[in-house]
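Novice: Below are the sequence and a predicted model for it; my questions follow.
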Amino acid sequence: MRRGWAIITTRDEEGSYYGAKATLNVWGLPSVSDRQESFSQITLRNDEDVISAGWHVFPEFYGDHDTHFYTLWVSGATPNKACYNLECEGFKRDNTSLYIPGHKIEPLSTYNGGQFEIILKIKQNNDTGDWSLYYGPNGDKPVGSWPKSLFTKLADKATTVDVGGAVLFNTGEPSPPMGSGQFSSEKAKKAAYAKDIQFVDKSGRSYKPGDDVIGEYADISHCYSISTFGNLANGFYFGGPGGCI
């Protein structure tokens, strides 16, 4: 599988991060084909340990072309196995939560129209070392957690934070759209965005990262693009139509 990215990422690959929060506008992408995935996410990693949450369109997984809320984790012990939502034993759902990994998201943003958002926060528990996921109007409603025992390196901290869009597609096939399917230059009400981005330090304090911490990265620039961090309220625009082979 080939990957494409349009993300902000922390410049220091050996940094110390204990959480992240972002507001993502949510789009429908019905043209994503059956063997492709397009997603918008927050990802924390330490070496091959990875946790991620956001929204995606993944027809092969769900059997539809709808937009779904998702969670994901990868353990360095089995780096080629990505566990989505509740399919593996690992992510522990909070049974009181109204937000269930895998649920269909409605309503969706429309081009030059209404914008609909989700707010997500991932934070490490200082006492247990587990990583908790929050959703909701203020990103404060518990969804569940990834136990510390799933990981080796993430049991301590994250060394990298990524926020933005990504796609997966087969080599030799046209790549899928990302975000809203529009380039970042379309901006307000037309392009996908991530805004109000915050990181969490070891004491549990949230803070706004500066551009000295953040770098922008788009690896297939003729199909996907990203604006400068801070181009939007502590955030950025990203995405593109795809179509690259």
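Specialist: Perfect, I can see it now. These numbers come from a predicted model, not from an experiment. Residues are numbered from 1 along each chain as shown.

Novice: This structure: helices as residue ranges?
Specialist: 59-62 (DSSP state H).

Novice: List the neighbouring strands of the helix or strand bottoming out on mean pLDDT in it plus their orientation.
Specialist: Among the helices and strands of the chain, strand 214-218 carries the lowest confidence by mean pLDDT, DSSP states H and E, at a mean of 93. Counting by DSSP bridges, the strands paired with strand 214-218 are strand 2-10 (antiparallel).

Novice: Kindly format the C-alpha coordinates of the strand it pairs with as CSV.
Specialist: The C-alpha coordinates for strand 2-10 follow below in CSV (Å, rounded to 0.1, in the frame of the first residue of the first chain):
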residue,chain,number,x,y,z
ARG,A,2,1.1,3.5,-0.8
ARG,A,3,0.6,6.4,1.7
GLY,A,4,0.1,10.1,1.1
TRP,A,5,0.2,12.8,3.9
ALA,A,6,-0.6,16.4,4.5
ILE,A,7,0.2,16.9,8.1
ILE,A,8,1.8,19.1,10.7
THR,A,9,4.4,17.2,12.7
THR,A,10,6.6,18.0,15.6
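
Novice: Same question for that strand: list its buried residues.
Specialist: Neighbour-count burial for strand 2-10, counted by 16 or more other CB atoms under 10 Å, picks out Gly4, Trp5, Ala6, Ile7, Ile8, Thr9, Thr10. The C-beta positions use only the backbone N, C-alpha and C, and glycine is treated the same way.

Novice: quick one: Glu216 from Lys148, how far?
Specialist: 31 Å (CB to CB, to the nearest Å).

Novice: more crowded one of those two?
Specialist: Glu216 (19 against 16; other CB atoms under 10 Å).

Novice: What residues does the nearest residue to that one once chain neighbours are set aside make contact with?
Specialist: Nearest residue to Glu216, sequence neighbours excluded (CB to CB, 6 or more residues apart in numbering): Ile226, at 4.8 Å. Ile226 is in contact with Ala6, Ile7, Ile8, Gly164, Ser184, Glu216, Tyr217, Ala218, Phe236, Tyr237, Phe238, counting by CB atoms under 8 Å, 6 or more residues apart in numbering.

Novice: May I see these organised as TSV, with distance to Ala77 added?
Specialist: Output for the contacts of Ile226, formatted as TSV (distance: CB to CB, whole Å):
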residue	distance to Ala77
Ala6	30
Ile7	25
Ile8	28
Gly164	27
Ser184	37
Glu216	32
Tyr217	27
Ala218	31
Phe236	34
Tyr237	37
Phe238	32
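
Novice: follow-up on the earlier one: okay, and the beta partners of the residue nearest to Glu216?
Specialist: Phe238.

Novice: Where does the prediction get shaky in the protein?
Specialist: In the prediction, the chain carries no residues with pLDDT under 70.

Novice: Tell me the bridge partners for Gly164.
Specialist: Following DSSP bridges, Gly164 is listed with bridge partners Ile7, Gln41.

Novice: so how many other residues sit close to Thr128?
Specialist: Thr128 has 11 nearby residues by other CB under 10 Å.

Novice: is it true that it touches Lys148?
Specialist: Yes: with contact defined as CB atoms under 8 Å, Thr128 reaches Lys148; the gap is 6.4 Å.

Novice: do you know how far the residue nearest to the spatial centre of the chain is from Tyr84?
Specialist: Geometric centre of the chain, nearest residue: Gln41, 0.9 Å, by CA atoms, centre = their mean. Gln41 sits 12 Å away from Tyr84, going by CB to CB.

Novice: swap in Tyr224?
Specialist: According to CB to CB, Tyr224 and Tyr84 sit 22 Å apart.

Novice: between these two, which one's more packed in?
Specialist: Neighbours of Tyr224 and Tyr84, each counted by other CB under 10 Å, are more numerous for Tyr224; the result is 28 against 20.
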